[in-house]
Structure formats: structure tokens, C-alpha cells
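**Q** have a look at this prediction, sequence included:
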Amino acid sequence: MDMHGQILAVVLTLLLVLPPTAFCRGRRQMPLAKMHPPAVKSQASVAKVPAPAGKAQKPTVKVLTPKQESPTTAMPQLVDTPVADKWALIIGISKFKDPGISLKYPAKDARDLYNFLISEGNFAPDHVKLLLNEEASRGNILSALGDKWLPRVANPNDLVLIYISSHGSPSSLDVGGVNYLVAYDTDKESLFSTGIPMQDLVRMIKGRVHSDRIVMVLDACHSGAASPDGKAVFHQGNVNVEEIAQGTGQLVISSSAPDQVSWESQDKPNSVFTRYLIDGLRQNGTSTKLGAAYQYMKDKVQEEVLRDRGVLQTPVLRSKWEGSELVLAAPPTKPRPALKVPVVDEAVKPAANVSSGDRQPIVQAAVVAPTKEPVASQPTELTLWKTYMDTAKKLREEGRVVEAEKILGAAQREADNFPANDLRRISTVCELADLYVSQQRYSDAEPICWKVLPELEKASASHSVELSAILINLGEILAQKGKYGDAESMCKQALLLREKTHASEDESTAKCLDILAQGNFQANRYAPATELAQKALAIRERSASSDERALAKNIKLLAALNVAQERYSDAESFGKRALELSERVFGPNSLQVVESLDLYITVLSKLQRAPEARRLEYRAKAIRAKLGKPSSSRY
């Protein structure tokens with residue numbers, strides 16, 4: 001450890017041992033009646049560092065300054081107590097008030113970790129606070145950490161994750177040997193008055209966040225963004241994780257050693273550290289131990305940075321963790337509703353000339369503005385709502401509809417904060433209705449569609465996409481009820497609206513054509529039905545991201561239409577393709593496969609290929625028995 005690091009270690013030791021009044025010189029003291037007595041904790045703490053994956057070694061044990069305690073004052077250690085609930089504060093700053101120190105990927109890194117936590121990590125969406133760019137001002141960060149959020153939600157048996165991706169200044173830049181976190185509004189020439197000292201974070205986390213399990217991840221001291229040759233604004237080195245771990249009393253992971261810098265990837269839009277950290281946490285799904293994830297990430301980071309940059313970047317983990325290894329993605333055992341927290345007024349900031357030692361700050365920097373129109377104009381709520389919507393869309397594209405529905409529920413709760421006439425409320429429920437229709441949950445979707453239709457018709461100029469989607473969904477719902485005339489009317493309105501707005505032909509257009517083709521088929525108008533179904537197929541085949549479920553139904557309809565017109569050769573081609581696609585998309589023992597088998601059996605019988613038809617009949621019968629569906633489908 002260098003001289004500045006030794007100075008910092010001494011300061012931290014004083015912070016942990018001396019009473020609060022020892023530091024009150026030069027600032028206004030809080031009346032003793034309002035001061036909280038420090039919690040009594042054992043000074044003989046044992047540090048257990050998780051063993052790397054695949055290595056059966058004993059935990060590293062580190063005894064810290066033993067001190068004799070009487071049985072009446074010693075507090076019991078909560079080892080291996082189940083995690084009751086989970087909370088996370090995610091901070092990423094790419095764009096700073098001073099554009100000269102801006103970075104490329106911290107905001108995206110933070111958003112990617114946020115998306116992982118709420119979609120794969122069993123963190124409830126409203127238990128994760130995301131602060132990006134201008135939202136991550138000094139006042140907002142301190143408020144979330146020490147006043148308005150974490151101290152009010154985290155209980156002793158909860159898990160708290162704090163992730164910070166930004167610039168971090170080394171102690172060598174400061175005359176007092178202090179490491180600073182660079183917030184959005186930090187002045188790099190005045191770190192003492194505008195940055196966030198790591199020592200403040202240590203005291204705040206230790207004294208104000210009530211959880212016994214705190215994981216702090218620091219992806220700081222970035223390089224490669226400030227100038228073409230890859231030198232950072234703060235390039236002398238990273239923060240010393242040993243010092244930070246002593247303060248939190250828990251577990252700290254840093255992106256590099258104190259004498260190194262942290263690099264952004266050359267070929268991926270992320271920092272090397274955060275990308276491999278997320279990949280590591282995915283290794284064994286919700287059973288991944290943090291120690292194994294760390295070891296995977298560390299090996300990958302060292303390998304890539306050495307290969308691409310010719311320098312070392314060695315992530316560091318320091319721990320005072322006790323008990324079993326942490327599984328970050330394990331579900332909470334006693335989840336609680338989130339606290340509805342007022343949005344911090346970004347306009348209220350601490351005075352630039354107030355030093356960190358004289359601040360009466362944290363409260364002043366987090367003053368809540370009076371409620372005013374509209375609440376939804378606050379950037380945090382807008383960003384959070386958009387993040388939920390984007391995440392839900394991505395999950396739907398990946399076929400993870402259950403998780404998407406959960407995220408949309410969080411988006412809807414966030415949208416409830418918007419003014420009553422804000423059309424983003426409608427956009428949220430439209431997305432939910434669309435998800436229900438995609439799952440054929442028509443009874444859930446129909447009341448939503450009818451409710452929002454009049455409002456969307458009034459705002460058709462600005463919300464034509466949502467209006468056409470609702471019209472198409474109502475068309476599908478009505479078609480399922482056999483009301484093909486009403487369904488046709490809805491779909492024709494949607495197609496006309498898309499034509500007026502010059503919307504490109506996509507899956508929505510193809511879906512409209514499917515419904516119109518089905519209506520014509522039911523009315524025995526086979527020629528126009530075939531033309532509409534073929535046009536829908538052509539649109540899907542041109543698209544690289546077509547809905548395969550809809551494609552399978554489209555092809556099956558064309559097979560049925562060719563059977564009805566006694567074009568059995570074409571029917572066989574479509575029937576075989578529909579069967580293969582249904583097996584892949586819906587599963588080999590699904591009702592859709594049974595329907596495709598019935599249709600293909602009919603084609604083979606017409607072509608006098610009885611042995612093949614008989615084999616398929618046996619298979620269809622076996623699947624029906626599993627599904628409890630004794631009767632054939634009708635075409």
C-alpha cells in the first residue's frame with residue numbers, strides 16, 4: 001500500500017473507533033438528544049472470502065483487532081440467516097455536466113445490470129433504484145444512499161447491492177489522500193467540495209443502511225474514453241478496495257487493483273468488468289455463487305485486457321462476509337412491498353463552496369420539491385418507466401412472457417404516477433393487452449382493449465401505432481368468438497390507419513391479413529382467403545424477426561385452404577411444413593401439433609398414402625391421450 005493508502009487506512013480506523021463527537025470541531029454539532037447511539041458490534045470480526053469456483057480450499061480467515069467484550073454487550077452474529085428481501089441501488093454516469101470527462105458505457109453498464117437483476121436475479125423491479133447520467137447528481141446519490149431510500153427500506157436480514165460505474169479518483173490526486181466518486185455535477189478541479197469522498201460512503205453505508213448483508217461493486221477509474229490514446233482523466237489508479245471493505249463490514253468488488261485502471265471494451269458496448277460480471281452471474285442461473293461469478297469474471301477480464309491493451313487489469317474482492325457463500329440471484333424469503341419514495345428535486349443542490357467536513361448536507365441536498373404538475377416530468381420516473389417498457393419488450397422477444405408480464409406490472413404502477421390524461425398510461429396497458437392476446441388470454445385482454453379504444457381514437461394522430469395494435473387485437477378476439485364480420489371491420493380500420501401513416505408492412509400487417517383470411521375461409525370464399533394468407537406469408541418470409549407461432553398458423557391455414565380447393569400437392573407441401581414448424585415452436589406434444597397432424601393425415605389420405613397416414617394417426621392418438629383431447633380438430 002502506498003503512503004496515501006496508509007494515511008487513508010489510519011483515517012478509517014479512527015472513523016470506526018472514535019465516537020462521533022471526536023470529529024465535530026469546525027462544524028455545528030447535532031444536539032446529543034438527537035444522536036443515535038452506535039450499534040454494539042464485535043470487534044473480533046472474521047473475514048471469509050469465497051473460494052474460487054472448482055477449488056476446494058478453506059476460506060481465508062482474517063482476525064481484526066480482537067477486543068474483550070462482556071457477555072452482556074456482545075451482539076449475536078447472524079450467520080446463514082435467510083435473506084428476507086433484496087434491494088439494489090444502481091448508478092451509471094456516461095455523460096457528465098463537464099463534457100470533457102464523459103465516458104462511453106457506464107450508463108449502459110448500469111442499465112444492463114439493472115435488466116439482469118429484475119429479469120434474472122429475482123430482484124423486484126420496484127426494489128431497484130436506477131440513477132443514470134444527470135439523475136446521478138451528488139445530491140441524488142447521497143439522498144438514495146443515506147436519507148430518502150436505502151435507510152428507509154433495508155432491514156437487518158435483507159441483502160443490499162450497491163453498484164457504481166463512473167470515474168473514481170485515486171488518493172494521490174488529493175492532498176488529504178482521499179478517494180472521490182465523481183458524480184454527474186462534480187467539478188474535477190474541485191473534488192473536495194463537489195465529489196463524494198469514499199470515506200463518506202463508508203460512514204453512510206455503515207451507519208445509515210441497516211442491512212447486515214451489503215455488496216458494493218465499483219466499476220470506477222475508466223480509461224479509453226477521454227482521449228484517442230486511451231488515457232483517462234483520472235488515470236493514476238483505482239480506489240483501494242481493502243479500505244472500503246473495512247468500512248462497510250461486508251463485501252466489496254472493484255474493477256481493478258489500486259494501481260491499475262479499468263478499461264472499456266474495444267468490441268462490445270460495455271466495460272470489460274461489468275460485461276463479464278453479468279456473464280459470470282449467469283453461469284449457473286439462480287444457483288450461481290458470487291465467488292464463482294467473481295472468479296469467472298476476473299479470469300476473463302485479465303485475459304481480454306492483456307490481449308487487447310497489453311496491460312493488466314485485475315479485479316479485486318475483499319470480504320468480511322460470514323456464513324455460507326452469497327447467491328445473489330436467490331429469491332428473497334420474505335419479500336415486502338416497496339416504499340413509495342418522493343422524487344428528489346434536482347434543482348436543489350449543495351453549495352459549491354461547502355467542504356465535506358462542514359456539510360450539514362445530506363438532508364439539505366435531498367429536499368423534496370412541493371408536488372406540482374406534472375409529477376411525471378421528473379426524469380427518474382420517466383427513465384424508470386421507459387426501462388420497464390424496454391425490458392418487457394426484450395423479454396417478449398426472447399419468449400419469456402411470464403417475466404415480461406411481471407415487468408409490465410411494475411411499469412403500470414410507475415405509470416400511475418403520471419397525470420390522468422398522460423397517454424403513456426395508455427401505452428402501458430396497450431402493451432399488457434398485446435401480451436395477453438399473444439398468450440390467447442382473450443378474456444383478460446378484451447376489457448382493456450374496449451376501455452382504451454375511445455381514448456386512442458381521440459389521440460390517433462400521436463398514437464396511431466397503439467390504435468392500430470388495439471384494433472388488430474380486437475379483431476383477433478372477435479374472430480375467436482366467431483364474429484368475423486366485426487373482426488373484419490376492425491382489421492380494415494387498422495390497415496387503413498397504417499396506410500395513412502405510411503407504416504411498413506410487418507407482423508401487425510400480416511396478423512390483420514390472417515384474420516381477414518380466416519373470415520373469408522369460414523364464409524367459403526376460398527380464393528380471396530388464399531390470396532390474403534399468401535400475402536401474409538410473403539410479409540413474414542421477408543422479415544428477419546417474424547413471429548414463428550403466427551407463421552406456423554399462417555402455413556397451416558394455407559394447407560387447409562388448398563385441401564378445401566382439392567389442390568392436394570400444394571396442400572401436402574404446406575401441411576408438412578406446418579407440422580415441422582409446430583413441433584419446433586409449440587413442442588412435440590402440443591395441441592397445435594395434433595391439429596397439424598390431423599390436417600396432414602387428411603392430405604395423405606386424399607393422396608392415397610394410407611400407411612403414412614396410419615402411422616401419423618397413431619401418433620396423434622397418443623398425444624391426444626396425454627392432453628385429454630379425444631376428438632379430432634375440424635378443418
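**A** That came in fine, so what should we check first? Numbering: from 1, shown residues only.
**Q** how about Leu326, what does it touch?
**A** The contact partners of Leu326, by Cβ atoms under 8 Å, 6 or more residues apart in numbering, come to Pro50, Leu159, Arg213, Val215, Leu251, Lys289, Leu290, Gly291. The C-beta positions use only the backbone N, C-alpha and C, and glycine is treated the same way.
**Q** what do you get if the cut-off is 10 Å, keeping everything else the same?
**A** When the contact criterion is Cβ atoms under 10 Å, 6 or more residues apart in numbering, the partners of Leu326 are 50, 83, 159, 161, 213, 215, 250-251, 288-291, 293, 319.
**Q** now, which of the residues you listed lie within strands?
**A** In strands, defined here by DSSP state E, the members of these are Leu159, Leu161, Arg213, Val215, Leu251, Ser319.
**Q** the first one touches Ala330, doesn't it?
**A** Meaning Leu159. Yes. Counting by Cβ atoms under 10 Å, Leu159 touches Ala330, with 8.7 Å between them.
**Q** the more surrounded of the two?
**A** With neighbours defined as other Cβ atoms under 10 Å, Leu159 and Ala330 compare such that Leu159 has more, 23 against 17.
**Q** quick check: closest non-adjacent residue to the residue positioned nearest the centre of the chain.
**A** Residue closest to the average C-alpha location in the chain (Cα atoms, centre = their mean): Asn115, at 1.3 Å. Of all residues not flanking Asn115 in the chain, Thr391 sits nearest, at 5.2 Å (Cβ to Cβ, 6 or more residues apart in numbering).
**Q** and the one you found, how many neighbours?
**A** So Thr391, with other Cβ under 10 Å, has 22 neighbours.
**Q** picking up where we left off before, who touches both of Leu159 and Ala330?
**A** In contact with both Leu159 and Ala330: Val83, Lys86, using Cβ under 10 Å, 6+ apart.
**Q** re earlier: give the contact list for the residue nearest to Asn115.
**A** Thr391 neighbours (Cβ under 10 Å, 6+ apart): Arg111, Tyr114, Asn115, Ile118, Ser119, Pro125, Glu403, Ala404, Ile407, Leu408, Ala410, Ala411.
**Q** surely Ala144 and Leu150 touch.
**A** Yes. Using Cβ under 10 Å, Ala144 is in contact with Leu150, at 6.4 Å.
**Q** overlap in contacts, those two.
**A** With Cβ under 10 Å, 6+ apart, Ala144 and Leu150 have common neighbours Leu89, Lys129, Ile162.
**Q** one step back: which of the contacts of Leu326 count as buried?
**A** Neighbour-count burial (16 or more other Cβ atoms under 10 Å) applied to the contacts of Leu326 gives 50, 83, 159, 161, 213, 215, 250-251, 288-291, 293, 319.
**Q** now, the most widely separated pair of these?
**A** Gln250 and Thr288 (18.8 Å; Cβ to Cβ).
**Q** quick one on the thing from earlier: where does the residue nearest to Asn115 land in three-state SS?
**A** helix (DSSP: H, G, I helix; E, B strand; the rest coil).
**Q** and Gln522, how many neighbours?
**A** When neighbours are counted by other Cβ under 10 Å, Gln522 registers 12.
**Q** hang on, isn't it packed against Gly482?
**A** Yes. Distance between Gln522 and Gly482: 7.9 Å, which falls inside the contact criterion (Cβ under 10 Å).
**Q** do you know the pLDDT at the residue nearest to Ile426 when sequence neighbours are not counted?
**A** Nearest residue to Ile426, sequence neighbours excluded (Cβ to Cβ, 6+ apart): Val452, at 5.2 Å. Val452 is assigned a predicted lDDT (pLDDT) of 89.
**Q** in a helix, Val452, correct?
**A** Yes. Val452: assigned to a helix according to three-state DSSP.
**Q** neighbours of it, how many?
**A** 21.
**Q** ok, now which ones touch Gly121?
**A** Counting by Cβ under 10 Å, 6+ apart, Gly121 has contacts 86, 88, 113-115, 128, 161, 278, 281-282, 286, 288, 328-331.
**Q** quick one, which of those residues are buried?
**A** 86, 88, 113-115, 128, 161, 278, 281-282, 288, 328-330.
**Q** helices and strands around the helix or strand hosting Arg413, which ones?
**A** Arg413 is located in helix 401-415, with elements delineated by DSSP states H and E. For helix 401-415, the packing partners by 3 or more Cβ pairs under 10 Å, 6 or more residues apart in numbering; DSSP states H and E come out as helix 106-119, helix 379-397, helix 423-438.
**Q** average pLDDT across the second one?
**A** Taken as a whole, helix 379-397 has a mean pLDDT of 74.
**Q** again, but for the first one
**A** Mean pLDDT, computed over helix 106-119, is 93.
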